[in-house]
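> What follows is a predicted protein model with its sequence.
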Amino acid sequence: MKTELKEQISSADIVIVGIGNEWNWVKTGINNDPRYGQLLEYCNHEGNHFLLPIVEYEYAYYNSDNRISEAYKGLRNLIGEKKYFVISDTFLLDAPMYGFDPDRCVNPCGNYIFLQSAVNDELYEATKVPEFMEKVESIHKIITELDGNIGEDSSFSNIFFDGKQLYLNQKRQEYSKIKYNESAYLEKWGEYMNCLGRTLNANLLILELGVGLEFPTVIRWPFEKVAFINKKAHLVRVHEKLYHHTPEIEEKTDSIQMNSVDYILQESKGL
């Protein structure tokens, strides 16, 4: 019988948490909001893929998700005073908003805070680039004032600032032709690596929540490797569909077929 998560955390010396796409409330929200239908269709056309990250930014900027916020709060309460580190392959810097120490959180796949150019030099704060925020505001007006109706002849231009074309600082398919600027997360990534290095002989709980196969080399496969190497490690993998584990870590893994957000809400309430 599966041990309650609260007990597993209590027995651990340190908890490593991986957050994945099931916690991406922006993607879920846009896909479930009919007002974004025309914009999403436009983004799917050849040459328009650049716009999708900006549409997602608009949604993240003007919206929130109570279910996700409650789950983060519940997860933080479960962890309590235990040592931890949170790694997320989403672009959302949600964990620090709900009680997690920013110095113990890392988002190696990017964020909604910065913009970058294709030449991989400096980063720009998105809110301080007028051309970018004007584009975000124009999308917001389409959603709120026109109920998402963009018209048949509508077109959207790329973002240029200081003579450079800018993109959100994210590692994603739409940006496959530009080099991802890693500078925003590298310092915290080093701290995360140091944290992992200190867990070899520790009672380590690896909590993988809703991590899919978008970026398997960031969380999913490394977690399996750590669980295999560390004799005192235990992996809890929770996902609606991708909950399976490798045979090598059969005795050290709980594979739970369940939406990971629902799982944390359930466990945090002791249900």
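Yep, that arrived. Numbers count the residues shown, from 1 in each chain.
> Now do the strands in the stretch 101-250 of the chain.
Assigned by DSSP state E, counting those that start in this stretch, the stretch 101-250 of the chain shows strands spanning 105-106, 110-117, 123-125, 159-161, 164-170, 204-209, 233-239.
> what's the first one packed up against?
In other words, strand 105-106. In this structure, strand 105-106 packs against strand 83-88, helix 186-197, with contacts taken as 3 or more CB pairs under 8 Å, 6 or more residues apart in numbering; DSSP states H and E. Heads up, the C-betas are built off the backbone N, CA and C, glycines and all.
> G29: which of these is closest?
strand 83-88 (17.2 Å; CB to CB).
> contacts for stretch 241-260?
Residues outside stretch 241-260 that contact it (CB atoms under 8 Å, 6 or more residues apart in numbering): 2-3, 20, 22-23, 209-213, 224, 227-228, 233-240, 263.
> What's the local residue count around Y72?
24 (other CB atoms under 10 Å).
> circling back to that earlier point, drop anything exposed from the contacts of stretch 241-260.
By neighbour count, with 16 or more other CB atoms under 10 Å, these hold 20, 22-23, 209-212, 224, 227, 233-240, 263 as buried.
> which residues touch the nearest residue to F215 once chain neighbours are set aside?
In space, and not counting its chain neighbours, F215 is closest to D89: 4.5 Å by CB to CB, 6 or more residues apart in numbering. Taking CB under 8 Å, 6+ apart, we find D89 in contact with G18, I19, G20, N21, N107, P108, C109, V211, E214, F215, V218, I219.
> How about stretch 51-60, which residues are buried there?
L51, L52, P53, I54, V55, E56, Y57, E58, Y59, A60.
> and what of stretch 210-223?
Result for stretch 210-223 [16+ other CB under 10 Å]: buried residues G210, V211, G212, E214, F215, V218, I219, R220, P222, F223.
> Save these as CSV, and put in pLDDT and distance to H45 too.
CSV is the format used below for these (pLDDT from 0 to 100; distance: CB to CB, whole Å):
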residue, pLDDT, distance to H45
G210, 97, 30
V211, 97, 30
G212, 94, 25
E214, 92, 22
F215, 93, 25
V218, 96, 29
I219, 97, 32
R220, 95, 32
P222, 96, 36
F223, 96, 37
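> low-scoring pLDDT stretches of the stretch 151-271 of the chain, where are they?
153, 271 (pLDDT under 70).
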